[in-house]
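[1] Here is a sequence with its predicted model. Questions after.
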Amino acid sequence: MPDPEISLYIDGAFVAGRGTRRLRVLNPADGAPLADYAAADEADLAAAAGAAARGFAVWSRTLPLERFRLITRATALIRERAPAIARTLTLEQGKPLAEALREVQLSADIIDFLAEEAKRLAARGVPPRLPNVLSQTVARVPVGPVAAFTPWNFPANLPARKIGGALAAGCSVVLKPDEQVPGTALALLRAFRDAGLPPGVLNLVLGDPPQISSTLIAHPAIAKVSFTGSVPVGRQLGELAARHLKRYTAELGGHAPVIVCADADPAAVAKLAVPAKFRNAGQVCASPIRFLVHRSRIDAFRDAFVAGARALKVGNGLDDGTQFGPLIHERRLAEMQRLVDDAVACGGRVLCGGHRIDRPGWFYAPTVIEGASDAAQVQRQEPFGPIALLDAFDDLDDAVRRANALPYGLAAYGFTHDLAAAHRLGQGLQAGMVGINHFGVSQPETPFGGVKDSGLGHESGLEGLLSYTELKLISVAAP
Ligand code: NAD
């Protein structure tokens, strides 16, 4: 169970929100209430920002090696507690328990990698041009207290990227996880507290998202804003960050194309594509969405892909063998149906799914639609759910042009056995991450981020750490 005492975490203490509004956590697998808690009010938000300022003063002066030792004590606790944290994650978010367990373990890996990298952050010495200057050092210093906003689709992984980068760099954090999945983030914070993290370095608030973001971003203590979520909200927070001159990183939506070339093995690609597409019920920003398959291969790909989608074991994430769980909110069911109906009106053929599953909870069937015209909304709007689009292409350059036609540019994928085509796809696809012959572009060691409307900056990898640092010139002359 998620902790029924869901609370805020401010200045080293778990405290009840002082707002009048109450929020509920529901189990998406059956709609049952799991927890009920009070939202933060303005005084709570000011307290969290103030605590982060004091926490920063302590943590930014802690030696990097000490920070590393404490952070890795926390990740050891996260690994030890992973089965219990994964259960909380599945209960409040819905994904299969095995996926939740992998996510929690990966979160510890992400945090560890960032802490390791922070130990060896290099400063740059620049030769002086003034005769009495002894040294000119361009140092990397922590940027300051961070306001971090994470969505519900990866309740452990996304907070881990932000907490991991910020703490490793020496920053403090006020985290606002999604209100539907607070138990997972609280469990991560508990591990840091139990590992001995000083009060104020990590804080967590929950409540009304627009109120929290507008208050924290305007607060003088907050130096940087990091957001993961939809493009419209990312734009709003970017405007606020710009108004208050705060550093800003945004990891926003995607609409990933997949190009399957004539020389690829269509059945083998379909075998990889089914789990990649329907993992987390398609609620993944790098999820493959538009499958463009060479006309000579589309029949074989269609047969294997649709058979794989139909064979997925749908169920409660806690049940053994479940491969496909519910959507996060009931309202997402109506959104899936609206997109499917519109695609059908635009000439699309539903090859499987296309409807809610008749069982308790918020399940929408794995759906494949072929031939919806470019007028269909789902061809442009991120479905953020279990909808895959299928279309044929004849010419590779044309496929790349179609792949690049949207304002998104997060992930893109290509499948080919031909080296020249692999390079054409790698160079030609406009995305922050291009996977050739696989879908595994999100790893702790590599930067995750998008181009065009898909975001600003990176998380994870060395670059994810650098985004929590600022350059500082220290020039020392002989007295
Ligand atoms: P939503 O935009 O209502 O919420 C998404 C997240 O943003 C939630 O965690 C919410 O608390 C937060 N949020 C919303 N307004 C905010 C504000 N003013 N300040 C701070 N945080 C705010 O969408 P939804 O219906 O829950 O999810 C569907 C959409 O969200 C999809 O279209 C998808 O693009 C997007 N999404 C993207 C990601 C991602 O990883 N890129 C993750 C989750 C959702």
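    Received it, and whenever you're ready, just let me know what you need.
[2] Now stretch 311-322: buried residues?
    Under the neighbour-count criterion of 16 or more other CB atoms under 10 Å, stretch 311-322 has 312, 314-318, 322 buried. In this view, the C-beta of every residue, glycine as well, is placed from N, C-alpha and C.
[3] isn't there a helix covering P198?
    No. Applying DSSP: H, G, I helix; E, B strand; the rest coil, one finds P198 to be coil, outside a helix.
[4] residue contacts, it?
    By CB atoms under 8 Å, 6 or more residues apart in numbering, the contact list for P198 reads 12, 55, 58-59, 62.
[5] Then L396?
    Residues counted as contacts of L396 (CB under 8 Å, 6+ apart) are 259, 261, 421, 424.
[6] same question, V126
    By CB under 8 Å, 6+ apart, the contact set of V126 is 136-138.
[7] what's the distance between it and V138?
    Distance, V126 to V138, by CB to CB, to the nearest Å: 6 Å.
[8] Next: T62.
    22 Å.
[9] Please apply the same query to G428.
    With the distance defined as CB to CB, G428 ends up 36 Å from V138.
[10] the more surrounded of those two?
    Neighbours were counted for G428 and for V138 using other CB atoms under 10 Å; G428 has more, 19 against 14.
[11] Looks like D342 contacts Q381 (just checking).
    No. Under the criterion of CB atoms under 8 Å, D342 makes no contact with Q381, lying 9.5 Å away.
[12] what ranges do the helices span in the stretch 1-150 of the chain?
    Here the stretch 1-150 of the chain has its helices, by DSSP state H, counting those that start in this stretch, at 42-59, 64-80, 82-93, 97-119.
[13] what's the closest of those to the ligand?
    Comparison of these against the ligand by CB to the nearest ligand atom identifies helix 82-93 as nearest, at 11.0 Å.
[14] now the closest one against helix 97-119, angle please.
    Relative orientation of helix 82-93 versus helix 97-119 (axes from the mean of the first three to the mean of the last three CA atoms, to 10 degrees): 110 degrees.
[15] Helix 82-93 packs against which elements?
    helix 97-119, helix 182-194 (3 or more CB pairs under 8 Å, 6 or more residues apart in numbering; DSSP states H and E).
[16] Dump the ones you listed to JSON lines, plus mean pLDDT and mean neighbour count.
    Putting the helices and strands packed on helix 82-93 into JSON lines (pLDDT from 0 to 100; neighbours: other CB atoms under 10 Å) gives the following:
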{"stretch": "helix 97-119", "mean pLDDT": "98", "mean neighbour count": "22"}
{"stretch": "helix 182-194", "mean pLDDT": "98", "mean neighbour count": "23"}
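[17] Get me the contact residues on the stretch 1-150 of the chain for the ligand.
    Contacts of the stretch 1-150 of the chain with the ligand, taken as CB under 6 Å from any ligand atom, map to F149.
[18] Would you confirm that R247 contacts F227?
    No. Counting by CB under 8 Å, R247 sits too far from F227 to count as a contact (11.8 Å).
[19] more neighbours, the two?
    Neighbours per residue (other CB under 10 Å) separate R247 from F227, with F227 holding more: 27 against 17.
[20] looking at it, the more buried one is touching L237, isn't it?
    Yes. The criterion here is CB under 8 Å, and F227 meets it with L237 at 4.9 Å.
[21] Overlap of the contact sets of those two?
    Listed as contacting both F227 and L237 by CB under 8 Å, 6+ apart are 149, 213, 248, 250.
[22] Which residue, other than its chain neighbours, is closest to the first one?
    It stands for F149. Nearest residue to F149, sequence neighbours excluded (CB to CB, 6 or more residues apart in numbering): F227, at 4.5 Å.
[23] And for the third one?
    Counting by CB to CB, 6+ apart, Y248 lies nearest to A241, which is 3.9 Å off, once chain neighbours are set aside.
[24] can you pull the contacts of the one you found?
    A241 touches 217, 225, 247-248, counting by CB under 8 Å, 6+ apart.
[25] which SS class is it?
    Classification of A241 by three-state DSSP places it in helix.
[26] Kindly report the same for F227.
    Applying three-state DSSP to F227 yields a three-state assignment of strand.
[27] check contacts around it.
    So F227 contacts 148-149, 213, 233-234, 237, 248-251 (CB under 8 Å, 6+ apart).
[28] and those residues, which two are the farthest apart?
    The most widely separated members of those, counting by CB to CB, are S213 and E251 (15.2 Å).
[29] higher neighbour count, the two?
    Neighbour comparison, S213 and E251: the larger count goes to E251, with 30 against 21 (by other CB under 10 Å).
[30] Grab the nearest non-local neighbour of the more buried one.
    What sits nearest to E251 in space, not counting adjacent residues and going by CB to CB, 6+ apart, is T228, at 4.3 Å.
[31] how many neighbours does the one you found have?
    Neighbours of T228 under the rule other CB under 10 Å: 27.
[32] wait, it sits on F149?
    Yes. Counting by CB under 8 Å, T228 does reach F149; the two are 6.9 Å apart.
[33] Quick check on the residue lying closest to A376 once chain neighbours are set aside: phi, psi?
    Leaving aside its sequence neighbours, A376 sits nearest to C346 (CB to CB, 6+ apart; 3.8 Å). When read as degrees, to the nearest 10, the backbone of C346 gives phi -100, psi 30.
[34] ok, C346 touching G371?
    No. Proximity of C346 to G371 does not meet the contact threshold set by CB under 8 Å, at 9.1 Å.
[35] Contacts only, for whichever residue of the stretch 301-450 of the chain sits closest to the ligand.
    Using CB to the nearest ligand atom, F384 is the residue of the stretch 301-450 of the chain that sits closest to the ligand, at 3.7 Å. By CB under 8 Å, 6+ apart, the contact set of F384 is 153, 253, 282-283, 285, 287, 332.
[36] Over to G238?
    Counted by CB under 8 Å, 6+ apart, G238 has contacts 248, 250, 456.
[37] P257 belongs to a strand, doesn't it?
    Yes. Residue state for P257 (three-state DSSP) corresponds to a strand.
[38] so how far is the ligand from it?
    Per CB to the nearest ligand atom, to the nearest Å, P257 is found 16 Å from the ligand.
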